[in-house]
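Asks: below are the sequence and a predicted model; questions follow.
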Amino acid sequence: MEDFIQGIPKAELHLHIEGSFEPELMFEIAKRNNITLDYDSIESLKKAYKFNNLQEFLDIYYTGAQVLIHEQDFFDLTWAYLTKVHSQNVVHVEVFFDPQTHTDRSVAFDVVINGIHKALEKAKAELGISYKLIMSYLRHLSEEAAFETLESSLPFKDWIDGVGLDSSEMGNPPSKFAKVFKASASHGYKLVAHAGEEGPAEYIWEALDLLKVVRIDHGNRCLDDEALVQRIVEQKIPLTLCPLSNVELKVIQKMEEHPVAEMLEKGILATIHSDDPAYFGGYMNENYYETAKALNLTEDQLMQLAINAFEASWLSPEEKGKHIAQVKDYFHSSKYSQKQVV
Ligand code: ADE
Ligand code: ZN
């Protein structure tokens, strides 16, 4: 089944570039920047990757990002991610970056975005990966700080397709950022937000009604509210789910409890992604594989998930159509004969 999943043309829509920072590269960059990490080896760092909730993860994630200082560091981080997912047949990516994680340490906005942008362009030219870039506001910081970030982004707005909202969800509802989202839209940015990962269904309503997002990142908790599910189905609001992340951050206790099959059943435009693959034990293939195995997903369900990701992307209708046709061709011509993929 791994080979079968490997061959599916895939789109990644929920990926934090700082969350793709593999320990090996972190140590290498720390060394060349003369930074001493709190861990004496790659193994001891990896041992720390045990989380009881989102905040415990975020504390380590922000610490790891502190070794990124120069444009070359951001380039290397992004290029490593892109070559990795190229090997997994990911053909389109929509990547989040967290500028405030860096600008708050006096690393300039242009240093961050130049490095990321150069790697994305190189991947487009050399690997044929198309991309969009999403700037995420950190929700544990103030709306005023988000406004400053918006201002800093404007010279680069041709490189940025949308804005998002991430970091500590509980106690930081979408409503806190209503004004800056409105201002972001006025500059032409598309809008998404993390909601309903740990936070309640109410936060998803707020993201839709107050922030006016076109996609919800995670959105697991929508299942607590029938009227919300109906709204999400009727308006075809995509939910970018991250199964391995959900297990690692204890949003669910085990993969067998993952709601993706139930969501597909209800007609939700659900998609599967990797969130922070260096921390959660897998990239796109592993997310597809572990979910398919635990939930006994059928070929039809897997095809729907692959199609949904292109449907939910910000590609043009023509580009979506081309990728979706390739997904269908793959499933129809594949030698895989069993109905169940596991
Ligand atoms: N930043 C990186 N990963 C995140 C997640 N899963 N939830 C919220 N913020 C994040
Ligand atoms: Zn995320």
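Replies: In hand now; what should we look at? Numbers count the residues shown, from 1 in each chain. Ligands and ions are numbered 1, 2, ... in the order given.

Asks: what mean pLDDT does stretch 318-334 have?
Replies: Averaged over stretch 318-334, pLDDT sits at 96.

Asks: what do you get for stretch 143-151?
Replies: The average pLDDT within stretch 143-151 is 98.

Asks: and the residue in the stretch 101-250 of the chain that ligand 1 sits nearest to, backbone torsions?
Replies: Proximity of the stretch 101-250 of the chain to ligand 1 (C-beta to the nearest ligand atom) peaks at Asp166, 3.5 Å away. All C-beta atoms are positioned from the backbone trio N, CA, C, and that covers glycine. For Asp166, the backbone dihedrals (degrees, to the nearest 10) come out as phi -140, psi -170.

Asks: cool, and Ala125?
Replies: With angles defined as degrees, to the nearest 10, Ala125 sits at phi -70, psi -40.

Asks: repeat that for Gln253.
Replies: Backbone torsions of Gln253, given as degrees, to the nearest 10, read phi -80, psi -30.

Asks: burial of the nearest residue to it once chain neighbours are set aside, as a residue count?
Replies: Sequence neighbours aside, Val247 is the residue nearest to Gln253 in space, at 7.9 Å (criterion: C-beta to C-beta, 6 or more residues apart in numbering). Val247 has 21 neighbours, counted by other C-beta atoms under 10 Å.

Asks: with Met255 instead?
Replies: The burial count for Met255: 17, using other C-beta under 10 Å.

Asks: next: Asp40.
Replies: 9.

Asks: next one: the one 4 residues further on
Replies: Using other C-beta under 10 Å, Ser44 has 12 neighbouring residues.

Asks: check which helix or strand it maps to.
Replies: For Ser44, the host element (DSSP states H and E) is helix 42-47.

Asks: next, Ala123: phi, psi?
Replies: Backbone torsions of Ala123, given as degrees, to the nearest 10, read phi -70, psi -30.

Asks: gap between it and Ile129?
Replies: As judged by C-beta to C-beta, to the nearest Å, Ala123 and Ile129 stand 4 Å apart.

Asks: which residues are in contact with both of those two?
Replies: Both Ala123 and Ile129 are contacted by Leu82, His86, under the criterion C-beta atoms under 8 Å, 6 or more residues apart in numbering.

Asks: SS state for the closest residue to Asp98 other than its chain neighbours?
Replies: Nearest residue to Asp98 in three dimensions, chain neighbours excluded: Ser136, at 5.2 Å (C-beta to C-beta, 6+ apart). Following DSSP: H, G, I helix; E, B strand; the rest coil, the label given to Ser136 is strand.

Asks: I figured Ser136 hits Val163, correct?
Replies: Yes: the pair Ser136 / Val163 is scored as a contact, 7.0 Å apart, by C-beta atoms under 8 Å.

Asks: in contact with the most centrally placed residue in the chain, which residues?
Replies: The centre of the chain sits closest to His14, judged by C-alpha atoms, centre = their mean, with a distance of 1.8 Å. Neighbour list for His14: Glu94, Phe96, Asp217, His218, Thr240, Leu241, Cys242, Thr271, His273, Ser274, Asp275 [criterion: C-beta under 8 Å, 6+ apart].

Asks: double-check that it belongs to a strand.
Replies: Yes: under three-state DSSP, His14 sits within a strand.

Asks: wait, is Val91 part of a strand?
Replies: Yes: counting by three-state DSSP, Val91 falls inside a strand.

Asks: quick check: it vs Leu315, distance?
Replies: On the measure of C-beta to C-beta, Val91 and Leu315 end up 10 Å apart.

Asks: also Ser87?
Replies: On the measure of C-beta to C-beta, Ser87 and Leu315 end up 22 Å apart.

Asks: and if you look at Ser44?
Replies: Ser44 sits 42 Å away from Leu315, going by C-beta to C-beta.

Asks: where does the stretch 1-150 of the chain come near ligand 1, residue by residue?
Replies: His16, Gly19, Leu54, Tyr61 (C-beta under 6 Å from any ligand atom).

Asks: if we can go back for a sec, which one of Ser87 and Leu315 is surrounded by more residues?
Replies: Between Ser87 and Leu315, counted using other C-beta under 10 Å, the more crowded position is Leu315 (19 against 12).

Asks: leaving out chain neighbours, which residue sits closest to the more buried one?
Replies: Per C-beta to C-beta, 6+ apart, closest to Leu315 is His92, 6.4 Å.
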